[in-house]
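>>> the sequence isn't on hand, but the structure is:
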């Protein structure tokens, strides 16, 4: 049996598989020093280490077996992998609303072929219906793949293209739009689309998943069902993010596109509204609004599209003892706008002052945000802030650093005039700047405190 039957394996792991005649996709019993494991041998990336064998257990979880710990592997059968998901025609119901799903990359939904262990991506309406049949109870759906990139590779080209496609889908009759997106940079995309797509007549909801669909704890299907609910029965016509609310499978939250941020690397409830309340709770088929301050659905197909972006912008995250050469490099490389994430109320050290003055003299637009995320820039309180304002640094209220970054690129795509740039940056489009933060806008549920334990016991009985 050739090495192609052991896809991705090499070194010690390959030797063990060959010695036991157990190629990829074998249904095996592996006896190891840690006990017996039963499952399907999965392929590996050639960039992974050569010391482990990966099998998918009957629970749906993957486990890595150290090759040196494997005593015997008994292959019960070898099964051919099938990557094509069975399609079922997505039913059309004239009584249901029409939803357009735009894909930017990654897997919108998928299912596990338990016969082979393969994760099968789904994207066409027929595939989505086969993977998440409950969608047909909510809406009619059409899909369009825009891009096929990981979200860390999403940038201005994709933002402008997606905004243009949103307008097109609305003109073609969509009652709501879902955007499938990787979670890493979802909050950047939700913010910039809030600026590029204004006066929306229908909802635009961005959705993704923290756990892949081959895991029993996957949030993909529920997030997709709740996103479909949000764009069909939800009353808000804004750019929003729909992801898990609690860590359990209770409901999703709708977050406003300019006030949301990814706050945990792996939790399913990673997205949180910062400095405000979430817009709504969403269950399949039901939306409960948590605020009355939102833009409503309306009749008509018109909207304002401003799909522009100047890429010569950056975020400078200040840290103690930062040297001016960091800022000097940005000046020398032709950046037109810089958003600073300062400490406290919006501070940097004095060694940066000459570089800030130089940037201002060269016409670079400088805006201050706070790396605390919650709260406002207050540059009138201390001399540090007053000094920086005297040479051109503009306080950006409670705009999140990432939101200020994309908004500055969007503004510079329209004008380079300093007064107009400042006016546009400080003129709220959709709650990126608010007059105040609600009393419960800053809520950190710090575990281990007696009052928190008591609260959680009341909520989760």
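Cool, the structure landed. Keep in mind that what you see is a predicted model, and the values were worked out from it rather than measured.

>>> C-alpha from now on. contacts and neighbour counts both.
Will do.

>>> what distance do you get for residue 411 to residue 191?
When CA to CA, to the nearest Å is applied, the distance between residue 411 and residue 191 equals 13 Å.

>>> who's more crowded, those two?
When residue 411 is set against residue 191 and neighbours are counted by other CA atoms under 10 Å, the residue ahead is residue 191, at 28 against 22.

>>> which strands or helices does the helix or strand hosting the more buried one pack on?
Secondary structure assignment for residue 191, by DSSP states H and E: helix 186-196. Helix 186-196 makes packing contacts with helix 156-171, strand 239-244, strand 260-262, helix 401-412 when contacts are defined by 3 or more CA pairs under 8 Å, 6 or more residues apart in numbering; DSSP states H and E.

>>> rerun that using 10 Å as the cut-off
The helices and strands touching helix 186-196, judged by 3 or more CA pairs under 10 Å, 6 or more residues apart in numbering; DSSP states H and E, are helix 156-171, strand 176-180, strand 204-207, strand 239-244, strand 252-256, strand 260-262, strand 304-305, helix 401-412.

>>> now find how far off-centre that helix is within its chain.
A distance of 11 Å separates the C-alpha centroid of helix 186-196 from that of its chain, computed with CA atoms, centre = their mean, to the nearest Å.

>>> what mean pLDDT does it have?
Per-residue pLDDT values over helix 186-196 give a mean of 98.

>>> and the next helix or strand past it?
Following the chain from helix 186-196 toward its C-terminal end, the next helix or strand by DSSP H and E is strand 197-198.

>>> what packs against that following strand?
Using 3+ CA pairs under 10 Å, 6+ apart as the contact criterion, the neighbours of strand 197-198 among helices and strands are helix 156-171, strand 304-305.

>>> swap the cut-off to 7 Å and go again
In this structure, strand 197-198 packs against strand 304-305, with contacts taken as 3 or more CA pairs under 7 Å, 6 or more residues apart in numbering; DSSP states H and E.

>>> partner strands of the strand it packs on, parallel or antiparallel?
As defined by DSSP bridges, the strand partners of strand 304-305 come to strand 197-198 (antiparallel).

>>> can you give the distance of the partner strand from its chain's centre?
On the basis of CA atoms, centre = their mean, the separation between the geometric centre of strand 197-198 and that of its chain is 20 Å.

>>> tell me who's in contact with residue 232.
Residue 232 makes contact with 97, 175, 176 under the criterion CA atoms under 7 Å, 6 or more residues apart in numbering.

>>> apply 10 Å and report the result again.
For residue 232, the contacting residues are 96-99, 138-140, 175-177, 202-203, 226, 285-287, taking CA atoms under 10 Å, 6 or more residues apart in numbering as the criterion.

>>> beyond the lengthiest strand in the chain, next helix or strand please.
Longest strand in the chain, counting residues (DSSP state E): strand 70-78. Heading C-terminal from strand 70-78, the first helix or strand you meet, by DSSP H and E, is strand 98-103.

>>> what mean pLDDT would you report for that following strand?
94.

>>> do the same with stretch 307-320
Per-residue pLDDT values across stretch 307-320 average out to 98.

>>> endpoint to endpoint, that stretch covers what distance?
Using CA to CA, the end-to-end distance of stretch 307-320 comes to 37 Å.

>>> picking up where we left off before, include distance to residue 297 when you put the helices and strands packed on helix 186-196 into a markdown table, please.
Shown next, in a markdown table, are the helices and strands packed on helix 186-196 (distance: least, CA to CA, whole Å):
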| stretch | distance to residue 297 |
| --- | --- |
| helix 156-171 | 12 |
| strand 176-180 | 10 |
| strand 204-207 | 11 |
| strand 239-244 | 12 |
| strand 252-256 | 15 |
| strand 260-262 | 21 |
| strand 304-305 | 15 |
| helix 401-412 | 24 |
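
>>> out of those, which is closest to residue 316?
Between residue 316 and these, the shortest separation by CA to CA is 9.3 Å, and it involves helix 401-412.

>>> now that closest one and helix 156-171, what's the angle there?
Helix 401-412 and helix 156-171 are oriented at 80 degrees to each other (axes from the mean of the first three to the mean of the last three CA atoms, to 10 degrees).

>>> hang on, the earlier thing: tell me which of the helices and strands packed on helix 186-196 lies nearest to residue 352.
Closest to residue 352 of the helices and strands packed on helix 186-196 is helix 401-412 (CA to CA; 19.0 Å).

>>> list the buried ones in the helix or strand following that closest one?
Beyond helix 401-412 on the C-terminal side, the first helix or strand identified by DSSP H and E is helix 418-425. By neighbour count with 16 or more other CA atoms under 10 Å, helix 418-425 contains the buried residues 421, 422, 424, 425.

>>> same check, this time on stretch 311-329
Within stretch 311-329, the residues that count as buried by 16+ other CA under 10 Å are 311, 312, 313, 314, 315, 316, 317, 318, 324, 327, 328.

>>> how far away is the second one from residue 411?
It refers to residue 312. As defined by CA to CA, residue 312 lies at a distance of 12 Å from residue 411.

>>> what's the overlap in contacts for those two?
Common neighbours of residue 312 and residue 411 (criterion: CA under 10 Å, 6+ apart): residue 337.

>>> which strand or helix spans residue 36?
strand 35-41.

>>> tilt between the longest strand of the chain and strand 35-41?
Using the same axes, to 10 degrees, strand 70-78 lies at 40 degrees relative to strand 35-41.

>>> for strand 70-78, name the packing helices and strands.
Using 3+ CA pairs under 10 Å, 6+ apart as the contact test, the elements touching strand 70-78 are helix 11-19, strand 26-32, strand 35-41.

>>> now for the last one, which elements pack on it?
Strand 35-41 makes packing contacts with strand 26-32, strand 52-57, strand 62-66, strand 70-78 when contacts are defined by 3+ CA pairs under 10 Å, 6+ apart.

>>> give me that answer again for 6 Å
Under the contact criterion of 3 or more CA pairs under 6 Å, 6 or more residues apart in numbering; DSSP states H and E, the helices and strands touching strand 35-41 comprise strand 26-32, strand 52-57.

>>> quick one: contacts of it?
24, 25, 26, 27, 28, 29, 30, 54, 55, 56, 57 (CA atoms under 6 Å, 6 or more residues apart in numbering).

>>> the third one and residue 75, how far apart?
Distance from residue 26 to residue 75, counting by CA to CA: 6 Å.

>>> before we move on, what about the second one?
Going from residue 25 to residue 75 by CA to CA gives 10 Å.
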